[in-house]
Each structure stands twice: as structure tokens, then as C-alpha cells.
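Participant: what shape does this take:
(3 chains)
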Amino acid sequence: MRTDSMSNGMIEFRKELFADERDDTLNEIGKPTRRQDILGHVTGRSPFYDDHLFHGLLHMRCARSPHHAARIRRIDTTEAELSPGVVRVLTGRDVPLNLNTLLSLLDFGIDDEPVLSTDRVRYRGEPVAAVIAESEAAAREAAAKVRVEWEVLPHVLDVEEAIRPGAPVVLEIYPGNRFVYHGRYDHQKLRFGDVEAAFRTADHIIEGRYQISPIEQAPIETCGAIAAPETNDRYVCYTSTQALFFSLATTSKLLRLPSSRLHFIGGTVGGGFGGKVDSVHEPLAVLGAMLTGRPVKFMWDREEEMQVGGPRGAERWYIKDGVMRDGRIVARKFTGYFDSGAYTRLTSYAVIKAVGHLPGPYTIPNVHADVYCVFTNRTPATAMRGFGITGVDFAIEAHMDKVAEAVGMNPIDLRILNAYRDGDMKAHRRVAKNCALIECCQVVAEKAGVQLTSASRAASSRQGGGGERGRIPAHTALDQVGRVEGFDTGSYARKPARQAGATAARPAAAAPAPAPPQPRVPRLEPSRAASAAPPIPPAPAQPAQTGGPARSGPIRFSSISGFRRR
Amino acid sequence: MSLVVETYPTAAEAARALASGEALYLAGGTLVMRAVNAGEAPRRIVRTTDRSLREIALAGETVRIGAGVTIAEVVASRELAFLHVPAQQVGGPQLRAMGTVGGNLFAPHPYGDLAVALLALGARVTMAGQGGTRPLSDLLRDRARAGLVAQIDCPRPRDRRAFGFLKVSRVHPRGASVIAIAAYLPREGGRIRGARVAYGGMGPAPLQAAAVERALEGQALDHATIARAVEVATQGIDPPTCPIASAWYRREVAGVHLRRLLQSMERS
Amino acid sequence: MVMKPVALTLNGSFRAAFTAPGQNLLDLLRRGLGDLTPKYGCGQGGCGACTVLVDGEPHLACLVLAEAVDGRNVETVAGMSGATPHPLQEAFMAHFAAQCGYCTPGFLMAAKALLARNPRPTREDVVEAISGNLCRCTGYEPIIEAILSVAHGSARA
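Facilitator: The predicted structure is shown next:
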């Protein structure tokens, strides 16, 4: 029988596991198959975004900050504009809405990142101007001629240094360089039971510190987009994005264009791995096409892809376990720091994913987690291969091995002992079901020739769970550590139904510059906030509308921001 | 872009054009086109179609290699079999098909594996439009002002086993060197006469490890000699720190790899 | 700026174009001649996505000065298949040797050059022949198997 070429041997089906639950009519698994797009790949005909020819194509390249942090005193584009082959030089003034965060589309986060920065830069490589020229070489040469007067500011590149008092401020809207969750706390909390009480009863206390560096996705195809005017008053945009609807909606938002005037074509991505979701290229490419009336290509070269493109962010985790002599983990305390870099992008959401993952696939009766989304002057982090999860899983599993060593147990036996079983209550108050860690461990041990205890060999995910283990603890220790007062998350759910950009505002070349939107600043006197703007409660509670017309604006995705009650 | 490409029929004319102002000589393109693509090349690019730069000729115990001979052509040449080990480890098939021997002499750190081998073998270079030869070691000390190399004269080792080359790289089968070591240790009556040991990746350009050469000179290649040579592996050497490895790391491992190379040569 | 004419044979056809000073062959092929099969991955010679054959030898088109191919014979993936796929293309499809597909044209050219020079390569020969190409998706094993299957004529379906 032919083996799947993606694994280097036979696929083995362990159909005896959960046999009564299986619907084993496998039609595709274990059989060779042909990718529906592979003929295009081997003939070179798969249409990556750059595989489209345009007459009169212009090329866009950005002038970028060489500093980790600096104030911009002046941007002088005159020399660049006079450079041979240059058609137009864009700065932040040319962008109709020059402030964004990707997940505003999902009702999460605060617009914090300019498309082209005008007064501050917060990471090396941050773009401050976009040159559009007849050739890539001409654009490159002219971008070097953009003159910026910088006032270099102190910077911080480490998560724990960034949250120390007196650390350089990365973004004024985030107090202490920390993202504010639910308008209440400078970190995301998970509380289940009472870890401090449990530590006092534990036989062993085992602590560990783990970290991962930023990891660059490094696809072979660099990020880019080509936008061009179409004949029916639309703009077509071919893009490398992994997130076509995010890119389209972001472009619509930032250029104040109804999405009906945008024709986005994607679907062929030369490697994404999460690095092609930030939707940085499409708004600028479309804006370039609008302002020049010609096709414009905005592509990162390899150096930009590696240095400017957002990586998976660095993470640091401190784990403290209270463990009994027999290997049962009775308490686990996490302190986690995600390095978001200079802007929030996806990291604030990554933290919520991470916390939902704690304490790992184990039933631990007392769990405490404080996880911070920290801003530093590094390249803003973004998605990559299970972002939010991979770092903490590494920390958890490395820690499990450390615990096993401390109590003198085989690490697989330790995992089986502590594994979730069906019916157990998880730390975020949902009941575990369809658990299979025990069975995976047993098969792994068998394959690796590791001798397990008879108890481990006899264990099952379907036995021993529930009952006492299925109950929420009678007492959970709560606290107000990290409470932030009067902070306005700027929930998009609260915006009026008619958006400012609903009437198609086309940026004309001679139009007066729209005032740059100010990021929401934490207001420290909540009682007096009402005078300036419609009152917005600091913590989002109930939805504003009550049985009225369907919501316009961004789609609500309530589990991200924790709006939904449990 | 105001780049200008000047193509000359002879190497001598190309050399004069290079000398007349700021310009870069383009051979295989593996280094210069990188700079052109990045917008970092000077305005003038000089090249030649002179076919004499592509010749390989035997002259007694010396092989005269045209500077325009590609690394792939070195691998394919029987006369240059003694250079096959270093040549085969340069880049991948594409880079070997394009890159030239002359270009390898001017390759910045961390490249230039073939230059390391040629340095250890005592190669001499002929400059285009000039008579006479000069030692490669001279040229490597001042590459920015060197001019245009036309030929590289490389002595053929009388005993192939007297020449050894070791490339240390993290990526296999191709990858930039952390360190490259070439050793030419001809023997006379069981003793090393005319020891030459060259490093790549241990300085701004390929260089000779003089202290190692002194420790080996006049000795038999045995356990004790190797130990003495390894002890002075980095004496007088100031390795660089770069994204591939730090100076500290290079200093730590240079002796280890030197010992491995010398032991393999002792066994053969 | 002085544009120079370049005349070459591309996949068996006579083609000509004007090249700008310093323009590389990848750009000439894609934008000048409309052959979109070689890809840009780095512009530095590190990834191999732009691999084409020049007079039968694998070259990195991003590092070839376009005017230097005047009078020469260039081959790309666009010339690999006619009404039916080339055996290498068929093998890549059968062995799942592509995922995103962006590196695939480069690997196919490197493989084609190998088999032209060495019709019965060992596994080591194959690994050496593709050592100038990077793939971020497949882990290389399916690509090696695909090439070996063509080399040794084994029908792996």
C-alpha cells in the first residue's frame, strides 16, 4: 500500500481507541490525493498576486525609521519628489483614516497604529512616507532621499523592563506599556480555586522560567499587493494576503471607501504561516492607485519581509507548581508576558487565546494566571502558526518534565496522572469532553519503548473524571491587582450605526487634509467624561441595542472580548 | 536609475575603466548583482567579454586559472582536482555555475572558501594589463585597491594528501561558513616543509594562521605536533562577530576544527 | 538612461526586449517578456525561487544581468510542458511535492538540470542538486522522492 508522501512511513490507524464513538468511514485519510491547485504550481501558472501584468505599473517603496523610538520633527519629501521617475510621495496626511488596528473589524482593540507615521515612530522600520515611481529601482533611490528630522527617544526592548516604573513609554494610550483588558485590568486574569492555599499544602514547589524569541514566518513569497483602477469606478487589488476579507475591510475603513468599490482578488498565497494577515500593503497600494490613476505595486523586499514584517512575538513565562509527593499537581500559577512590539495588532488577542489554553490539558484544582500584553519598541508582533498557544505550550510541557524530574516520575506517567478526563471541570469553567491525552501518551510510550506503570497503562480518558473533579471550586480567590480606572476600551459596539465614511469620501489630490484621528487616551475622571462624548461605560457589559434593526459596523465576536456571560 | 554598464572586449580595457573612477567589476554577478538589486552599487558597473579569462591552462606544476572561470568549471576540471573539495562546497549548483574564481577572491566575509584554499596553496595573481604576478596574500590584505585580477596561478600539490580543507557550516549541504580552514603541509623526509595554513571567517578577509604555521614547520605531523599547533590556533587572530557566529564562538571552536583537519591529514 | 537590446532564445522561441541598465534577468523575464514562472523570493541569491536554465546550467535569474544573456538559451518552467506535463511535473503532483507552490518552479528547473546531466542520480546527488533552493512548506522529502521517482523510473502512484 502506498504511503502518504507527507509522512515517512505507514500511517497507522488505532481504531480500537474510542471504537464505540467512531464513525470510521474514512474516505480521504490514509489515501493518496492530489492537491486541486498543484497543476498550477508545477506549471508555474498558479496566479500569485505578482503574476499579473499591468501596463504602466508603478512601484511603491517606503521610507522607514532607522530608530527604535523617535519623535518626528519634520518630514521633507521635496528631494524625493524630484528624484528621477517619481510620480508621487505619500505621507500620513494623504491617508484618509491614518490610524487602525486589525481586529477593530472584530470589535476588539483600539486603533493605535498609523499607516504612515507623522509624529512618532516606535520601531525600527516603521514607515513614514511612501514613494511611488516608475520602477522599483527609482522608488528605492527616491525613498533614500526622504529627509526626516528625528528626535531620538529612549527605547525599551524587553517585556519586563517595559513594565517597570519609569520605563520609556511606547504608546501613550497604554498605561505602563500594558494593554488594558475589558477596560478593567492591565492584564488578562484567570482565577480558579486558591493557589496560595494549595501551595501551603503541597509537598513540592517547582518553579520555572521559559521564553521564546520572536520567530519570523519567512515565506518564500514576500508580502505585497498590486492595486489598479478598474473601469467601473472600482479598484481591483491582487494581494498575497491570507485574510482577504480582513484586507478588504481594512482598506475600506482606512480609505473611507465603501467596500462595493473594492474588488479584491487573493487566494494564492506563496507561504503565509500567519505573516500575511496584517493587511498593510493593500490600503497603501489602493491609495496609490487612487492618487495616481495608475496600477501601483507595493511589495516588501526580502530584508523588509524579515525585519519589518511582524513575527510571532516573543513570550516569557513564569510557572510555579504545587505538587504532591505522588505527582499530582494541585496548584499552578502562571505569569506570562507577551511582547506585542510597538503596536497591538494581534497580540492582545493572542493573550486571550493563551489564557484559554491554561493550565494545559491537565486537571489542576487551583489555577492562577496573570498574562500581560506588553508594548516594547520591537517590530510589532503578529500571527504565526498557532500564535498565542505555541509559546505557552512549550513552557507548560517543559515545566511538566521539570516536575517529573523533581518528583522522580517518568514524564509520561506524570502526564497521564494529571491529564484531563471526560467530565472534569477546566479552569475556565467548562467541562472537559472528548479528552484523549491519556491514549496519546500510552501510544507514544509504546512506540518509544518507554515503560509505564500499570496504573498508567490501565488509565482511560473516559474513566475517573467528573464527580468531585467536575465541580467548580467552592472558593476562588479573587483580587483587584492591576486594576485600571476609567480606561475606555473604545468598544466598536458603541459607535453610532452611521459611520463617518459611509458617504463615499474620495481623497482628491487637492482636498484639505482630514484631521488625524486621536487615539483614545485613558480618562482619569470617569464622572466628568460625559460632557465631551457620548458616555461610554469603562467595562463593556450589555449590548446597546435592544431588538432594533440589525447591527451595522463590525461583526461582533463576543468571545474574544469576553462580553458574553458564562 | 542612473546606473551605467560598461562592457569591454579585453580585460586590460576593463581594468583601465575600473581605475578611472568609482566602479564595480561584474563577473558572475553573485555578489555585485546583490548590491545592484539593493540599490547599493556605485553608478558604474564594468564587465568584459574577454574569453581569455575563462581558460584553464597547465604550465608545469602550476595551473593558470582565468579569473572568469566559474566554480562549476573548477569542479569539472581534472587539472583542478586538488581544488574539488573546497569548490564543491561553495554555495549550491546555481551559485557555482555563476560564481567565478576571481570573484571568490573578493567575496566579503563570510564568503570566499575557494580563496582560503588558494591562499593555503600559495597562489599568485596576475593583474589585468600588467606583467608579473604577486602573492594572493598581498592582494587579500588590500582588496579595495587591488584592481582587476586576470589569472590565478596555483601550484599543484605534488602529493594530494598534503592539502586538506575543512568547511564548518551549520547548514548542509550548503551554507555560509562559520569557519573554513585550509592546510598545505608538504613533507620532506617525514617533516613538514613550507607549512601554510589559512582561515576563512576569522578576519575581514581570508588570512594565514602564522602561529599555527610556525608550530608545524619542520615537525612531523603527529599527535604532539598537532597539540602544539592547536594551542596557538587563534594566536594573533581577531575573529569577527557576525550574524552567523560571534567572535567568542569562533575563538572557542577554531582549535577544535583545526585539530580535526590535522588529524584527518595525519591519518591519510 | 540607455536601454540595450537583448535577443535570446526563451524556451525554444526567439525573443527580444530592451533592458534597462542594471536590470536583472528575473525582471526581464517577468515584466519584459511576460514569463511569470520564475519567482522573486529574495533578490540575494539565497532562496533559488528564480532558478532558470541558461545554456542548460542552473542560474539565479535575480543575479544575472539581463543584457548578459544576449545570444543565449534560457529555459523556464513555462517551456516544460506541452499538451501533457513533463515527467518531473507529473512526479511532483503525484508525490505532493508542492504546497504553496511558490518555490516549485525553481525546484523543477534545478531537477531538470540534474537529470539532463545525470539521469540516474543517487539520493545524495538529488539533495546536492536542490541545495540551492529553499522550501518553507514541504520539508523537502516529497520533492526528493518525486525527483528520484523520475530518475529511477519507479511508478509511485
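Participant: which stretches of chain C form strands?
Facilitator: Residue ranges of the strands in chain C, as given by DSSP state E, are C:4-10, C:13-19, C:51-54, C:57-60, C:73-75.
Participant: scratch that, chain B is what I was asking about
Facilitator: Under the criterion DSSP E, strands of chain B are mapped to B:4-8, B:23-25, B:44-48, B:56-59, B:62-66, B:124-127, B:134-135, B:149-155, B:163-168, B:179-184, B:187-188, B:191-192, B:196-200, B:207-208.
Participant: so which of those is nearest chain C?
Facilitator: Among the strands of chain B, the nearest to chain C by C-beta to the nearest C-beta is strand B:4-8 (5.0 Å). Yep, even glycine has a C-beta here, placed from its N, CA and C like the rest.
Participant: quick one: buried residues of the closest one?
Facilitator: If you call a residue buried by 16 or more other C-beta atoms under 10 Å in any protein chain shown, then strand B:4-8 has these buried ones: B:5, B:6, B:7, B:8.
Participant: give me the distance from the longest strand seen in chain A to the chain's centre.
Facilitator: In chain A, taking DSSP E as the definition, the longest strand is strand A:329-341. Distance, stretch centre to chain centre, for strand A:329-341: 17 Å (C-alpha atoms, centre = their mean, to the nearest Å).
Participant: show the average pLDDT along that strand.
Facilitator: Strand A:329-341 shows a mean pLDDT of 98.
Participant: list the strands paired with it, with their directions.
Facilitator: Strand A:329-341 pairs in its sheet with strand A:315-323 (antiparallel), strand A:367-375 (parallel), by DSSP bridges.
Participant: need the residues that contact the helix or strand following the last one.
Facilitator: On the C-terminal side of strand A:367-375, the nearest following helix or strand under DSSP states H and E is helix A:390-407. Residues lying outside helix A:390-407 but in contact with it, judged by C-beta atoms under 8 Å, 6 or more residues apart in numbering or on different chains, are A:204, A:206, A:208, A:210-212, A:312, A:315, A:317, A:319, A:321, A:323, A:325-327, A:329, A:334, A:336, A:338, A:354, A:357-360, A:362, A:410-411, A:413-415, A:418.
Participant: kindly export stretch A:27-38 (C-alpha atoms) in PDB.
Facilitator: The C-alpha trace of stretch A:27-38 is given here as PDB (Å, rounded to 0.1, in the frame of the first residue of the first chain):
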ATOM      1  CA  ASN A  27     -12.700   8.300   2.500                       C
ATOM      2  CA  GLU A  28      -9.700  10.500   2.300                       C
ATOM      3  CA  ILE A  29      -7.500   9.900   5.300                       C
ATOM      4  CA  GLY A  30      -4.700   7.500   4.500                       C
ATOM      5  CA  LYS A  31      -5.200   7.600   0.800                       C
ATOM      6  CA  PRO A  32      -3.000   9.500  -1.700                       C
ATOM      7  CA  THR A  33      -4.600  12.600  -3.000                       C
ATOM      8  CA  ARG A  34      -3.700  15.300  -5.400                       C
ATOM      9  CA  ARG A  35      -4.000  18.900  -4.400                       C
ATOM     10  CA  GLN A  36      -6.500  20.700  -6.500                       C
ATOM     11  CA  ASP A  37      -4.100  23.500  -7.200                       C
ATOM     12  CA  ILE A  38      -0.900  21.500  -7.800                       C
END
